[in-house]
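Chemist: Sequence plus predicted model, see below.
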Amino acid sequence: MILIIVVAVLALLAGLAANRFLRPRLVSEDDDAGMCVKDLVGPLLTLTVLLLAFVLVTANGSYGKAEVAARGEARAVDQLVESAEYAPEAQRSKIQADAVCYARAVRQREWPSMADGKGSPAPSVWSTDLRHVFREVEGKPVFGMLVSADTKRSDEREERLTQATASIPSAILWFLLATLVITVMALGTCIPRRNNRGQIITLTVITGLLTATLCIIRDVDRPFGGIIDIKPTAITEVERQATHDFLAHHTEANPPCDKQGRRHNT
């Protein structure tokens with residue numbers, strides 16, 4: 001970083017020196033002639049748009065990964081429930097019950113925490129229980145299916161939590177905001193002082209578009225906490241289906257957790 005700053009400063013000093021010493025020899029125009037402020041605004045506006053577009057693509061990529069991970073995790077939990085049908089009755093009951101509680105803990109306790117880029121230890125309680133049950137069927141054909149589905153669930157959850165944190169550092173957002181301010185101020189400086197209604201309207205539209213782009217970047221960069229947030233639709237549907245499968249074999253029993261995914265005895 002220091003090297004970049006030093007090179008940039010040297011380039012600026014070299015440009016100013018060339019303007020002072022080389023320009024008289026290379027350009028025959030008067031010293032008062034040359035580029036004006038409005039000639040420099042065009043490249044500045046282009047730079048601002050390119051920066052916003054690049055960062056928007058980055059933020060959108062993180063949002064897409066978060067959505068894919070959330071759906072992948074839900075599919076893995078559903079696969080766990082389906083694979084449990086091939087396990088002995090005692091283990092089948094435990095696995096399906098733990099899957100229900102895991103889905104509830106993710107939806108009710110971890111999902112709200114991800115709005116602040118954080119996770120929750122609540123789902124880990126049930127994933128640990130699942131692994132304990134898997135040991136009871138070790139050596140049976142269903143063991144490999146269960147472990148594979150659980151590994152997929154763990155990987156997708158880790159990816160979901162990773163993408164819940166902001167992928168764009170605050171320093172970059174502040175830099176973009178400063179660039180936006182400088183660009184708008186430069187454009188405002190260059191418009192006429194009189195008979196400028198059209199220019200003012202255009203400047204207002206440009207400011208609105210740039211501001212909206214920056215707001216979208218900020219919102220998309222928080223996939224679980226912004227206005228355009230990812231809803232727990234997939235895990236909710238898996239919870240419903242897992243509960244249905246559990247109750248199909250245990251009509252008078254209840255999962256060992258409440259609606260929030262907490263153990264009944266805690």
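Modeler: Alright, I've got the coordinates. In this text the structure is predicted, and so the values were computed from the model without any measurement.

Chemist: Can you classify the nearest residue to Ala115 once chain neighbours are set aside by secondary structure?
Modeler: The shortest distance from Ala115 to any non-neighbouring residue, by Cβ to Cβ, 6 or more residues apart in numbering, is to Gly225 (3.2 Å). Bear in mind the C-beta positions are built from the backbone N, C-alpha and C, glycine included. Here Gly225 is recorded as coil under DSSP: H, G, I helix; E, B strand; the rest coil.

Chemist: Give me the helices and strands touching the helix ranked longest in the chain, please.
Modeler: Longest helix in the chain, counting residues (DSSP state H): helix 37-83. If you count contacts as 3 or more Cβ pairs under 8 Å, 6 or more residues apart in numbering; DSSP states H and E, helix 37-83 packs onto helix 89-105, helix 141-164, helix 170-190, helix 197-220, helix 233-249.

Chemist: Out of these, the one nearest His132 is which?
Modeler: helix 89-105 (8.6 Å; Cβ to Cβ).

Chemist: residues of the next helix or strand along the chain from that closest one that come out buried?
Modeler: Next helix or strand after helix 89-105 toward the C-terminus (DSSP states H and E): helix 111-114. Buried positions in helix 111-114, judged by neighbour count with 16 or more other Cβ atoms under 10 Å: Trp111, Ser113, Met114.

Chemist: do the same with stretch 162-170
Modeler: Going by 16+ other Cβ under 10 Å, stretch 162-170 has these buried residues: Gln163, Ala164, Thr165, Ala166, Ser167, Ile168.

Chemist: okay, those in TSV with distance to Arg262 next?
Modeler: Shown next, in TSV, are the buried residues of stretch 162-170 (distance: Cβ to Cβ, whole Å):
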residue	distance to Arg262
Gln163	26
Ala164	22
Thr165	25
Ala166	29
Ser167	32
Ile168	35
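
Chemist: Which members of those residues are the farthest-apart pair?
Modeler: Taking Cβ to Cβ, no two of the buried residues of stretch 162-170 sit farther apart than Ala164 and Ile168, at 13.5 Å.

Chemist: Which residues does stretch 212-229 contact?
Modeler: Residues outside stretch 212-229 that contact it (Cβ atoms under 8 Å, 6 or more residues apart in numbering) are 52-53, 55-56, 59-60, 62-63, 66-67, 111, 114-117, 163-164, 166-168, 173, 176-177, 180, 230.

Chemist: which of those residues are buried?
Modeler: Looks like those have 52, 55-56, 59, 62-63, 66-67, 111, 114, 163-164, 166-168, 173, 176, 180, 230 buried, using 16+ other Cβ under 10 Å.

Chemist: List phi and psi for Ile168.
Modeler: Per-residue torsions, Ile168: phi -110, psi 120 (degrees, to the nearest 10).

Chemist: Not counting sequence-adjacent ones, nearest residue to it?
Modeler: Going by Cβ to Cβ, 6+ apart, Ile168 has Asp221 as its nearest residue, at 5.0 Å.

Chemist: ok, how many other residues are close to the one you found?
Modeler: 23 (other Cβ atoms under 10 Å).

Chemist: Deepest-packed of the helices and strands packed on helix 37-83, please.
Modeler: helix 89-105 (a mean of 24; mean count of other Cβ atoms under 10 Å).

Chemist: Check which helices and strands that helix sits against.
Modeler: Under the contact rule (3+ Cβ pairs under 8 Å, 6+ apart), helix 89-105 is packed against helix 37-83, helix 122-136, helix 233-249.

Chemist: Output the shortest one as CSV, restricted to C-alpha atoms.
Modeler: What follows is helix 122-136, C-alpha atoms only, in CSV (Å, rounded to 0.1, in the frame of the first residue of the first chain):
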residue,chain,number,x,y,z
ALA,A,122,-28.5,-23.4,19.1
PRO,A,123,-28.3,-25.5,15.9
SER,A,124,-25.0,-27.1,17.0
VAL,A,125,-26.8,-28.7,19.9
TRP,A,126,-28.9,-30.8,17.6
SER,A,127,-26.2,-31.5,15.0
THR,A,128,-24.1,-32.9,17.9
ASP,A,129,-27.1,-35.1,18.9
LEU,A,130,-27.3,-36.3,15.3
ARG,A,131,-23.7,-37.5,15.3
HIS,A,132,-24.3,-39.3,18.6
VAL,A,133,-27.2,-41.2,17.0
PHE,A,134,-25.1,-42.0,13.9
ARG,A,135,-22.7,-43.9,16.1
GLU,A,136,-25.5,-46.2,17.0
